[in-house]
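> build the 3D model from these lines:
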Amino acid sequence: MPINMPKELPARKLLMKEKIFVMDEDRARTQDIRPLNILILNLMPEKEKTELHLLRLLGNTPLQVNITFLRTATHQSKNVSSYHLESFYSTFEEVKHQRYDGLIITGAPIEHLEFESVDYWEELKDIMDWATENITSTLHICWGAQAALYYHYGINKFALPEKYFGIFKHQVADPTVKLVRGFDELYLAPHSRHTSVYKEEIENHPELDLLSISEDDEPFIIMSKDAKNIMITGHLEYDAVTLAEEYQRDLDRGRKISMPKNYFPNDDTTKKPLYTWRAHSHLLFSNWLNYYVYQETPYQW
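The predicted model follows:
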């Protein structure tokens, strides 16, 4: 089934070129089904790229999905036009009277800051509080995952000696858990972060389950026992070239940055990276939508 989005959203044309089934509001009204309503709090600076990454995955399931994009009111993004934000995004004040089936909170390149120093931290806390009563399940990504672990479960992040950057092997702790159903025993996923959380703190927390770790013993997929909060410390939503773009961006800014590991063929930056995690990206989002949103949410809130 398709993903429902505004006709004018730039990502729509790109998704149609990729043969992703999309529809607009007019056609959606003709289908007598209960669509899933998904809210996406997009904290990434290049919002249009993140829109495309997430919509590509949300549009590849048997479920009809309505999307609402959410922006912070207490922070003004510098990398997207005000027209785009005003046309396609809502603020929390505009949506907080509604209930949604699912919420996605993205990452943000602000790991160097303490959580309380983030200018929209109070607003984010309000959203996370509201989600506990008005969202069936929330998927948190990278910095968003660390923010959720800190706010909901008291687990703080710590700085890594160097950026955890590249494509890494991962293992699943319990393949019978529905979120990782169908995963290979060994699978690949991208990471791009300067901070981490201690595995032992997650394993010892009575409200959390550690579902998957990387080859370096880094926590990757974490879920609350009530399945209300799912934390992904990496970026399964990234496409094949995202890490290359981040690497080149940092080089252009004169930052000291190592090449992403296990990414460029033969570590040759002139060669196109292979998209080796695509199947598991689609599988994780499909499992989340099916088992933790669609199967759990009431037909009428």
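> the top helix by length along the chain - contacts with which helices or strands?
If you go by DSSP state H, the chain has its longest helix at helix 121-134. Secondary structure elements in contact with helix 121-134, counted by 3 or more Cβ pairs under 8 Å, 6 or more residues apart in numbering; DSSP states H and E, are helix 92-95, strand 100-105, helix 143-153. For the C-beta atoms, the positions are set from N, CA and C on the backbone; glycine is no exception.
> in that helix, what's buried?
121, 123-124, 127-128, 131, 134 (16 or more other Cβ atoms under 10 Å).
> out of the helices and strands packed on helix 121-134, which gets nearest to residue 235?
With Cβ to Cβ as the criterion, residue 235 lies closest to helix 143-153 of the helices and strands packed on helix 121-134, at 10.4 Å.
> the helix or strand following that closest one - what's its average pLDDT?
Helices and strands here follow DSSP states H and E; after helix 143-153, the next one along the chain is strand 158-172. Here strand 158-172 scores 97 as its mean pLDDT.
> part of a helix, is residue 247?
Yes. Going by DSSP: H, G, I helix; E, B strand; the rest coil, the assignment for residue 247 places it inside a helix.
> and the helices and strands packed on helix 121-134, which is most packed in?
strand 100-105 (a mean of 25; mean count of other Cβ atoms under 10 Å).
> how far does that one sit from its chain's centre?
Centre-to-centre, strand 100-105 and its host chain are 11 Å apart (Cα atoms, centre = their mean, to the nearest Å).
> which other helices and strands does that strand contact?
strand 36-41, helix 121-134, strand 135-141, helix 143-153.
> ok, back up a step: could you export the helices and strands packed on helix 121-134 as a markdown table, including mean pLDDT?
Formatted as a markdown table, these follow (pLDDT from 0 to 100):
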| stretch | mean pLDDT |
| --- | --- |
| helix 92-95 | 97 |
| strand 100-105 | 97 |
| helix 143-153 | 98 |
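> out of those, nearest to residue 262?
Across the helices and strands packed on helix 121-134, residue 262 has its closest neighbour in helix 143-153 (21.6 Å, Cβ to Cβ).
> give me the contact list for that closest one.
Outside helix 143-153, the residues that touch it by Cβ atoms under 8 Å, 6 or more residues apart in numbering are 41, 43, 105-111, 115, 124-125, 128, 138, 140, 155-157, 193, 195, 197, 202, 205, 207-208, 222, 224, 229, 231-233.
> what is the orientation angle of that helix with strand 135-141?
130 degrees (axes from the mean of the first three to the mean of the last three Cα atoms, to 10 degrees).
> mind checking how far helix 143-153 is from the chain centre?
Per Cα atoms, centre = their mean, the centroid offset for helix 143-153 relative to its chain is 13 Å.
> do stretch 82-102 as well
On Cα atoms, centre = their mean, the centre of stretch 82-102 falls 17 Å from the chain's centre.
> so what's residue 214 bridging to?
Bridge pairing for residue 214 (DSSP bridges) gives the partners residue 170.
> what about it, distance to residue 192?
Distance, residue 214 to residue 192, by Cβ to Cβ, to the nearest Å: 13 Å.
> just residue 182 next, same as before
From residue 182 across to residue 192, the span is 25 Å (Cβ to Cβ).
> which one's more surrounded, the two?
residue 192 (19 against 12; other Cβ atoms under 10 Å).
> confirm that one sits in a strand?
Yes. Judged by three-state DSSP, residue 192 forms part of a strand.
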